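K.L.:
missing the sequence, but the structure's below:
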């Protein structure tokens, strides 16, 4: 089964939300819709989207407050769509951490281009040259294919679950660096997940059974006891 990138649309105008959702679905994305800011924040935490399209003029709260809240714990790419066309509004949103700003009305091609660009930002922001060039990360016999959402070992699909893939993908983006348990949990499950490492440990045990020749002596993902996990540095680093 092909895993599609999930995009959360936080937009209260039904016609615009339907327009965006239809375009994205027709181009291979999975879409979810929230009509209020509070609903949107809740869905970010519970559904782990790959990108958020955010309207600033929501009925219950300003979109800038949502953006500020997200940037307090996540680097999730955010494309702002708004009727606010003043330069100061665009600058404020971008300074707050938006990846892009799209002024209403906008066309199909422009929307898709901004989404693709924002997705690339997250893959290249860590300075990983291989990710920037090819959308893959490799070390030894292991390859993380970010475009196909697959992890291959010796050319064979390891058949990771969605949660397992997201863990490996995050570690691959920051290869060579230790990511703390709390950081990984916040990035993948949101701030409401708390600091219980059990779900992460269970997933990691399953991952190692699928990708390591000897899970007790890992080659790819190392444990920094009491701290977190580190992906081995890639062949191209």
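P.N.:
Received it, and whenever you're ready, just let me know what you need. Because the structure is a prediction, the values reported are computed rather than measured.

K.L.:
relative to residue 205, how far out is residue 154?
P.N.:
According to CB to CB, to the nearest Å, residue 154 and residue 205 sit 21 Å apart. (Glycine included, C-beta is placed from N, CA and C.)

K.L.:
for the protein, what helix or strand is lowest in average pLDDT?
P.N.:
helix 129-134 (a mean of 63; mean pLDDT, DSSP states H and E).

K.L.:
mean confidence score for stretch 200-214?
P.N.:
In this model, stretch 200-214 has an average pLDDT of 94.

K.L.:
buried ones in that stretch?
P.N.:
200, 203-204, 206-208, 210-212 (16 or more other CB atoms under 10 Å).

K.L.:
keep only those of the residues you listed that are in helices.
P.N.:
Applying DSSP state H to those, the entries found in helices are 200, 203-204, 206-208, 210-211.

K.L.:
output the contacting helices and strands for the next helix-or-strand element following the least confident helix or strand of the chain.
P.N.:
Going down the chain from helix 129-134, the next helix or strand is strand 136-139, by DSSP states H and E. Applying 3 or more CB pairs under 8 Å, 6 or more residues apart in numbering; DSSP states H and E, one finds that strand 136-139 contacts helix 129-134, strand 142-145.

K.L.:
now with 10 Å?
P.N.:
helix 129-134, strand 142-145, strand 150-153, helix 162-173 (3 or more CB pairs under 10 Å, 6 or more residues apart in numbering; DSSP states H and E).

K.L.:
just how off-centre is the last one within its chain?
P.N.:
Which is helix 162-173. 10 Å (CA atoms, centre = their mean, to the nearest Å).

K.L.:
please work out the average pLDDT along it.
P.N.:
Helix 162-173 comes out at a mean pLDDT of 91.

K.L.:
now the next helix or strand along the chain from it: how far from the chain's centre is it?
P.N.:
Next in sequence after helix 162-173, counting helices and strands by DSSP H and E, comes strand 178-180. Mean-position distance between strand 178-180 and its chain equals 17 Å (CA atoms, centre = their mean).

K.L.:
need the contact partners of strand 178-180.
P.N.:
Contact with strand 178-180 is made by 167, 170-171, 173, 186-187, 197, 222-224, 226-231, as judged by CB atoms under 10 Å, 6 or more residues apart in numbering.

K.L.:
please indicate which of these are buried?
P.N.:
Buried members of the contacts of strand 178-180, scored by 16+ other CB under 10 Å, are 167, 170-171, 173, 186-187, 228-231.

K.L.:
which ones are touching the spatially most central residue of the chain?
P.N.:
Centroid check for the chain by CA atoms, centre = their mean gives residue 50 as the closest residue, at 3.7 Å. The neighbours of residue 50, taking CB under 10 Å, 6+ apart as the test, are 3-8, 29-30, 76-77, 115, 118-119, 122, 149, 166.

K.L.:
now do residue 158
P.N.:
Contacts of residue 158 (CB under 10 Å, 6+ apart): 142-144, 150-152, 164-165, 168, 207, 209-211.

K.L.:
how close does the closest residue to residue 55 other than its chain neighbours get to residue 226?
P.N.:
Closest residue in space to residue 55, ignoring its immediate chain neighbours: residue 11 at 4.4 Å, by CB to CB, 6 or more residues apart in numbering. Between residue 11 and residue 226 the computed distance is 43 Å (CB to CB).
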